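# Test case, fold it:
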Amino acid sequence: MNIPKELRGELIKELRFIAKKIIEESDLRRKIYFYSAAYGITRRVLNFTYDPQINFAEFVLEVTYNTINNRVQSIIQGDATIPLIDGFFDRLATYLEELALKIEREEDIYKTLEKIVALAHVTTGNGYYLFTKGLIKI
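Alright, predicted model coming up:
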């Protein structure tokens with residue numbers, strides 16, 4: 001990854017803070033609010049330096065935020081057709097921690113982003129269907 005040390009440190013610190021807040025919060029709206037900061041920090045890093053993996057991470061984090069937020073809003077409005085799977089936000093926080101660790105070690109982050117995408121996908125109709133069939137493993 002081609003990120004200056006100071007920016008890398010800020011990105012890592014923010015991702016860990018976001019993961020911590022997701023775990024600490026009990027309100028779904030606040031959990032998703034803190035998750036939105038994940039793509040926010042990656043975007044800010046990109047505004048100072050370009051790295052293809054961070055660019056990809058920003059895109060994945062924003063799209064998964066929107067996907068998860070749509071389900072959270074539906075649940076809040078009373079639509080329980082597609083529930084959040086047990087431990088959903090705990091897993092999301094774990095994946096953010098893993099992302100921070102891989103960035104810290106300058107390792108490839110693709111597999112971690114793949115996990116985030118799979119988790120977000122189970123909040124959709126098709127994704128939840130595939131999860132209940134055992135085809136998506138979280």
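# CA atoms for contacts and neighbours, from now on please.
Fine.
# C-alpha coordinates for stretch 113-120, PDB please?
Output of stretch 113-120 as PDB, limited to C-alpha atoms (Å, rounded to 0.1, in the frame of the first residue of the first chain):
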ATOM      1  CA  LEU A 113     -13.400  -6.800   2.000                       C
ATOM      2  CA  GLU A 114     -14.900 -10.000   0.500                       C
ATOM      3  CA  LYS A 115     -16.100 -10.900   4.000                       C
ATOM      4  CA  ILE A 116     -17.700  -7.500   4.500                       C
ATOM      5  CA  VAL A 117     -19.500  -7.800   1.200                       C
ATOM      6  CA  ALA A 118     -20.800 -11.300   2.000                       C
ATOM      7  CA  LEU A 119     -22.100 -10.100   5.400                       C
ATOM      8  CA  ALA A 120     -23.800  -7.100   3.800                       C
END
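# Show the average pLDDT along it.
Averaging pLDDT along stretch 113-120 gives 98.
# Of all the residues in that stretch, which ones are buried?
113, 115-120 (16 or more other CA atoms under 10 Å).
# nearest to Val72, of the residues you listed?
Nearest to Val72 out of the buried residues of stretch 113-120 is Ala120 (CA to CA; 11.2 Å).
# and that closest one, helix, strand or coil?
helix (DSSP: H, G, I helix; E, B strand; the rest coil).
# Pull the contacting residues for it.
Contacts for Ala120 were tallied using CA atoms under 8 Å, 6 or more residues apart in numbering; they are 64-65, 67-68.
# what about stretch 94-112, start to end distance?
Start-to-end span of stretch 94-112 (CA to CA, to the nearest Å) is 10 Å.
# By neighbour count, which bits of it are buried? Give me those.
94-104, 109, 112.
# ok, and what's touching it?
So stretch 94-112 is contacted by 1, 8-9, 11-13, 15-16, 18-19, 53, 113, 115-116 (CA under 8 Å, 6+ apart).
# if we can go back for a sec, so can I have TSV of the buried residues of stretch 113-120 showing distance to Gly87?
Compiled in TSV, the buried residues of stretch 113-120 are given as follows (distance: CA to CA, whole Å):
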residue	distance to Gly87
Leu113	18
Lys115	14
Ile116	14
Val117	16
Ala118	14
Leu119	11
Ala120	13
